[in-house]
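Chemist: turn this into a structure:
(chains A and B)
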Amino acid sequence: MSINKNLLIPLTAFVLLVIVLAFGFRLEDPHYLPSELINRPFPEFSLQDLHDPDRTLTVADIKGKVSLVNVWATWCPNCLVEHPELIRISQEEGIALYGVNYNDVSSKAIAWLERHGNPYRLNMVDSSGTLAIDLGVYGAPETFVLDEQGVIQYRHVGAVTRRVWKSKILPVVELLQTQSGDG
Amino acid sequence: MIAELGHFSLILALGLSVCLVVLPATGVYLRQISLMRLSGSLSAGLFVFILFSFVCLGHAFVNDDFSVVYVARNSNTALPLQYKISALWGAHEGSFLLWSLVMAGWTLAVSQFSSSLTLDMRARVLSIMGGLSAGFILFILLTSNPFDRDLPIYPREGSDLNPLLQDFGLIVHPPLLYFGYVGFAVPFAFAIATLTSGKLDAAWARWSRPWTNLAWSFLTMGITLGSWWAYYELGWGGWWFWDAVENASFMPWLVGTALIHSLAATEKRGVFKSWTVLLAIFAFSFSLLGAFLVRSGVLTSVHAFAVDPERGLFILAFLLLVIGGSLLLFAVKATGIKSNAGFTWTGRETMLLVNNILLGVAVGAVLLGTIYPLIYEALTDGKKISVGPPYFNTVFVPVAMLLFMVMAIGPASRWRRTPVERFLKKQLLPWGGSFAGAALLVFLFAPRFEPLAVLVVGVAAWITLGLIIDWVSRVRHKSNRVASLFRQPVSYYGMLIGHLGIAVSMTGICLTVYYSEEKDIRMAPGDVVELSGYEVEFVSMKKVVGPNYEANQGEIKISRDSQHIVTLHPQKRFYETARNMMTEADIDPGLFRDLYVALGEPIGGDAWAVRVQFKPFVRWVWFGGLFIALSGIVTVLDKRYRSRRRVVDEEAGRLQT
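Modeler: Below is the predicted model of the structure:
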């Protein structure tokens, strides 16, 4: 069968286009931030303490022990969902839990904690979202697991439920605690 | 439960669409009429099951079922009902379900209004459309299921629909666009069916024309509405940004425009046959390409949908299969097709050819600008670049001007050969008159004399006068002039309206580009600013509360020569749940000018940054768009497309005997 060569021009042009498109699209997931952050030190910050506005908190305040950093806000419905579990973790598991109060109003945040209970040892006020940007947060709640040097070892996006805690976060925490020998 | 039913119904729809591909195609192959006949009922079944699935998702939205992830992400109990419903297509998953519903709707329409088709052709066309449906539904089920649940723990409150989308324009804009995009699947299916059957004659052009015009009309409306929405909702007073997603809708429109013109030549004169088939393939290809660009995250854009490489990969594979396959089929089957009619360089065929070439160049330019960032990134190993309006304006405007000039002389031409003297006689007067008139108008009314404004308005006037003269000459010499008004083919009036719409739009675009004025200024209560002869006074600012937002609302009085004209109330809204600030501009619209006021940020004390704009003739941009959309619909009403003959049954009878 003989084919008129000119008729192959559109097909050739299309194949070239697909190559360009495939190139622009090297299976990079723009949302896949966890790998970027894991094994990196927790970003430097200098933020107000929620309960003591005169005090400035830095990354030194959350280093030293295996800890959890939870990004939360009063406007976030899933934060209320995970709240009972966070309280249980801080009371029963005895692990340090720090809060980053993200894009929120401090007076509202304090009232919210009074009403629902406060599981956090310290709470950073990130009203302009600068720390959240460094952490690559795209929605509260998010929870980070830090080792004793303050290096991020795990990140969970979404509510920490009992199931998430048992299957995903607790194993990481236990591993870190045995490694550092304080478990 | 209801969501699961929706999911299940979608799976059944996938099964039906696969049957729609396989059974009628087998029927064509085996010459089995009973199998070919199944295409109708399978199309209906496909539509019904997708519709049911769509209604189930709607039920989840209306009843605030936040256990469905898609609902929780895009709705909220405080969201007004109309937005709960439009939130269905507010994000990727639901909008693709709508896309599939529209696809099934077109398929059903083709199966219902195909009495002039042979049974064989109908089976082929519907089978191809079924294949496209199958691809779309599979895409939803595998990568973007809107019925996914988040159990047992789900949010008590949804995170609300993006406030930008909480607007009338966005209720209607996506469905219209999808009607357009997906509508191009019909001429595509006709083209492929014709190629496979090997009977590439003018009949397929006649079948495709009304469908193409209708799809193109929807696309025109969708684009026009999107542009209007951007103007009043985004808060900067712009109406076209050459954004990647806008380009994604503009490219199929340009190809579609070329297609409706070349279909006319193919139907009437039997010329450009293989070229027209190629255009039909391209029009739909650009629709699919648009879907890929928007949803794969390859290009960043203000429209950015939920981005997911898995989806991008699926669409890319689908593109490769559908477009690559079609183009291969084209290369094999279009070999040896000859046009059986000659024409000369003064014939209407030449005009339409030039139209097609210029539109092709325009599409190429827009495509290059849209994907150039990708090419650049690939060549420079990851450096990013963005191609902005300067490129598009530099490349597109000259091509468009050439196109408009051809448009001015085109309608006066005749098939095959136009006597040049007649041409000149008809064109000289409108040509001279329109440019002189445009120059005079600009000189008298515009604040400054802009030669390019005279050129564009002059060409628009030339187009309009040429149309009027042509129309009058068609009617004048008839004995009964009123009757001959009605005796012109309806599609001739379609052409008149469409070309007039282009003239209206280009006038609007040109005047608003050259003569808009804007000021961004700090204003406190009591301040007055002067703009284009208007006095704008910032009177006061107060708080107002909406269903799911709070807002600061300004009161701004506009007067001219101390005569009060209008009081505008622009808002700065704060949406509590989505934590989003929104600028609601307030506009005093007018046929010859818009006054546009938007609030910026509060800047100390009770002062605000305020943007006031004077936009002459900006409405004309969209009026023209409406005319253009109307023209396609009018053409469909032409009675030569409403053949009452039941060819299907005739042929069935013939095959049986």
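Chemist: next, the buried residues of the helix or strand hosting B:Phe47.
Modeler: Take DSSP states H and E as the rule and B:Phe47 turns out to sit in helix B:33-62. Using 16 or more other CB atoms under 10 Å in any protein chain shown as the test for burial, helix B:33-62 gives B:33, B:35-40, B:42-58, B:60-61. Quick note: C-beta positions are derived from backbone N, CA and C, even for glycine.
Chemist: what does stretch B:597-609 give?
Modeler: Across stretch B:597-609, burial judged by 16+ other CB under 10 Å covers B:Val597, B:Ala598, B:Leu599, B:Gly600, B:Ala607, B:Trp608.
Chemist: need the contact list for the second one.
Modeler: The neighbourhood of B:Ala598, defined by CB atoms under 8 Å, 6 or more residues apart in numbering or on different chains, consists of B:Gly235, B:Trp236, B:Gly237, B:Pro570, B:Thr583, B:Glu584, B:Ala585, B:Asp586, B:Val610, B:Arg611.
Chemist: let's go with 6 Å and repeat that
Modeler: Contacts for B:Ala598 (CB atoms under 6 Å, 6 or more residues apart in numbering or on different chains) come out as B:Gly235, B:Pro570, B:Thr583, B:Ala585, B:Arg611.
Chemist: in helices, which of these fall?
Modeler: With DSSP state H as the criterion, helices contain none of the contacts of B:Ala598.
Chemist: quick check: of the residues you listed, which lies closest to chain A?
Modeler: Relative to chain A, the closest of those is B:Thr583; by CB to the nearest CB it sits at 19.3 Å.
Chemist: helix or strand for the residue positioned nearest the centre of chain B, which one?
Modeler: The residue lying closest to the centre of chain B (CA atoms, centre = their mean) is B:Leu219, at 2.5 Å. Per DSSP H and E: B:Leu219 is located in helix B:203-233.
Chemist: output the contacting helices and strands for that helix.
Modeler: Other elements packing on helix B:203-233 under the criterion 3 or more CB pairs under 6 Å, 6 or more residues apart in numbering or on different chains; DSSP states H and E are helix B:168-183, helix B:185-197, helix B:244-269, helix B:618-636.
Chemist: quick one: low-confidence residue ranges for chain B.
Modeler: B:152-153, B:235-236, B:296-309, B:336-341, B:378, B:381-386, B:477-481, B:578-579, B:642-657 (pLDDT under 70).
Chemist: what's the domain layout of it?
Modeler: Annotated domains of chain B cover B:1-161, B:194-391, B:518-618 [automatic domain parsing].
Chemist: ends of the second one, how far apart?
Modeler: Looking at domain B:194-391, the gap from its leading to its trailing residue is 39 Å under the measure CA to CA, to the nearest Å.
Chemist: what's the answer for the shortest one, then?
Modeler: Between the opening and closing residues of domain B:518-618 there is a gap of 14 Å (CA to CA).
Chemist: next: the first one.
Modeler: Domain B:1-161 has an end-to-end distance of 24 Å (CA to CA).
Chemist: then stretch B:63-72?
Modeler: Its start and end residues considered, stretch B:63-72 measures 11 Å (CA to CA).
Chemist: and it, how far out from the chain's middle?
Modeler: Remark: stretch B:63-72 is offset 31 Å from the chain centroid, using CA atoms, centre = their mean, to the nearest Å.
Chemist: for chain A, what spans make up the strands?
Modeler: Applying DSSP state E to chain A gives strands spanning A:46-49, A:56-58, A:67-72, A:96-102, A:122-126, A:142-146, A:152-157.
Chemist: and the third one, is it in reach of chain B?
Modeler: No. No part of strand A:67-72 sits near chain B under the criterion CB under 6 Å from any CB of the partner chain; the closest distance found is 13.5 Å.
Chemist: helices or strands up against the helix holding B:Phe47?
Modeler: When contacts are defined as 3+ CB pairs under 6 Å, 6+ apart, helix B:33-62 packs onto helix B:2-30, helix B:92-112, helix B:119-143.
Chemist: what's in contact with the next helix-or-strand element following that helix?
Modeler: Per DSSP H and E, helix B:33-62 leads on to helix B:69-74 as the next helix or strand towards the C-terminus. With contacts defined as CB under 6 Å, 6+ apart, helix B:69-74 is touched by B:60-61, B:65-66, B:87, B:90-91, B:93, B:146, B:148, B:150, B:155, B:158-159, B:161.
Chemist: out of those, who's nearest chain A?
Modeler: Closest approach to chain A among the contacts of helix B:69-74 (CB to the nearest CB): B:Pro155, at 4.5 Å.
Chemist: which SS state does the closest one fall under?
Modeler: Under the three-state scheme (DSSP: H, G, I helix; E, B strand; the rest coil), B:Pro155 adopts coil.
Chemist: tabulate the strands of chain A (TSV), appending mean pLDDT and mean neighbour count.
Modeler: Output for the strands of chain A, formatted as TSV (pLDDT from 0 to 100; neighbours: other CB atoms under 10 Å in any protein chain shown):
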stretch	mean pLDDT	mean neighbour count
strand A:46-49	87	16
strand A:56-58	88	15
strand A:67-72	92	25
strand A:96-102	91	24
strand A:122-126	89	23
strand A:142-146	89	23
strand A:152-157	84	19
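Chemist: centroid residue for chain A?
Modeler: Residue closest to the average C-alpha location in chain A (CA atoms, centre = their mean): A:Glu142, at 4.0 Å.
Chemist: may I ask you to confirm that B:Phe190 is in contact with B:Arg209?
Modeler: No. Taking CB atoms under 6 Å as the definition, B:Phe190 is not a contact partner of B:Arg209, at 9.8 Å.
Chemist: circling back to that earlier point, the residue nearest to the centre of chain B is in contact with B:Trp253, isn't it?
Modeler: Yes. B:Leu219 is within contact range of B:Trp253, at 5.2 Å (criterion: CB under 6 Å).
Chemist: count the residues that sit near the residue nearest to B:Asn548 when sequence neighbours are not counted.
Modeler: Spatial nearest neighbour of B:Asn548, excluding adjacent residues (CB to CB, 6 or more residues apart in numbering or on different chains): B:Ala78 at 4.0 Å. Using other CB atoms under 10 Å in any protein chain shown, B:Ala78 has 16 other residues around it.
Chemist: again, but for B:Phe538
Modeler: If you count neighbours by other CB under 10 Å, B:Phe538 ends up with 25.
Chemist: which helix or which strand is home to it?
Modeler: Using DSSP H and E, B:Phe538 maps to strand B:534-545.
Chemist: and whichever helix or strand comes after that strand, what does it pack onto?
Modeler: Later in the chain than strand B:534-545, the nearest helix or strand by DSSP H and E is strand B:549-560. Packed against strand B:549-560 by the contact rule (3+ CB pairs under 6 Å, 6+ apart) you find strand B:534-545, strand B:563-568, strand B:571-575, strand B:593-602.
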